[in-house]
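S.K.: this one's structure only:
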């Protein structure tokens with residue numbers, strides 16, 4: 001394989017990676033706790049977008065419970081972002097590499 005062709009392939013791979021990262025910026029993931037009483041929305045690239053808290057669960061005498069629910073919703077949203085990111089990056093890897101070709105740790 002000549003160097004020019006190899007450089008073109010590398011540039012194509014880099015472009016696909018950038019496209020995949022942009023795609024993650026446009027995918028929303030939602031984590032919730034207590035049956036949706038606390039909902040956290042992130043992008044799949046882990047950018048915070050929104051949090052909603054039902055007034056029904058707000059108890060000024062039990063702030064710790066609310067903190068726990070917020071933490072649980074955030075954790076779930078982050079887990080979903082990780083899963084979506086892995087899915088998108090795996091698809092990107094399949095498009096970039098020949099079938100059966102694997103580079104451990106690439107994605």
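M.R.: Structure's in. What do you need? Just so it is clear, the model here is predicted, and its values are computed rather than measured. Numbers count the residues shown, from 1 in each chain.
S.K.: whichever strand or helix holds residue 93 - what's its average pLDDT?
M.R.: For residue 93, the element it lies in under DSSP states H and E is helix 63-96. On average, the pLDDT along helix 63-96 is 93.
S.K.: what helices or strands is that helix leaning on?
M.R.: On a contact count with 3 or more CB pairs under 8 Å, 6 or more residues apart in numbering; DSSP states H and E, helix 63-96 meets helix 3-25, strand 28-33, strand 38-43, strand 48-53. Using the backbone N, CA and C atoms, a C-beta is placed for each residue, glycine as well.
S.K.: direction included, what does the second one pair against?
M.R.: Strands flanking strand 28-33 in the sheet, each with its direction: strand 38-43 (antiparallel) (DSSP bridges).
S.K.: next, the angle from the partner strand to helix 3-25.
M.R.: Taking axes from the mean of the first three to the mean of the last three CA atoms, to 10 degrees, strand 38-43 and helix 3-25 form an angle of 160 degrees between their directions.
S.K.: tell me the angle of strand 38-43 relative to strand 48-53?
M.R.: Interaxial angle of strand 38-43 relative to strand 48-53 (the same axes, to 10 degrees): 170 degrees.
S.K.: number of residues surrounding residue 19?
M.R.: Neighbours of residue 19 under the rule other CB atoms under 10 Å: 12.
S.K.: measure it to residue 96 for me?
M.R.: Per CB to CB, to the nearest Å, residue 19 is found 11 Å from residue 96.
S.K.: try residue 22
M.R.: According to CB to CB, residue 22 and residue 96 sit 16 Å apart.
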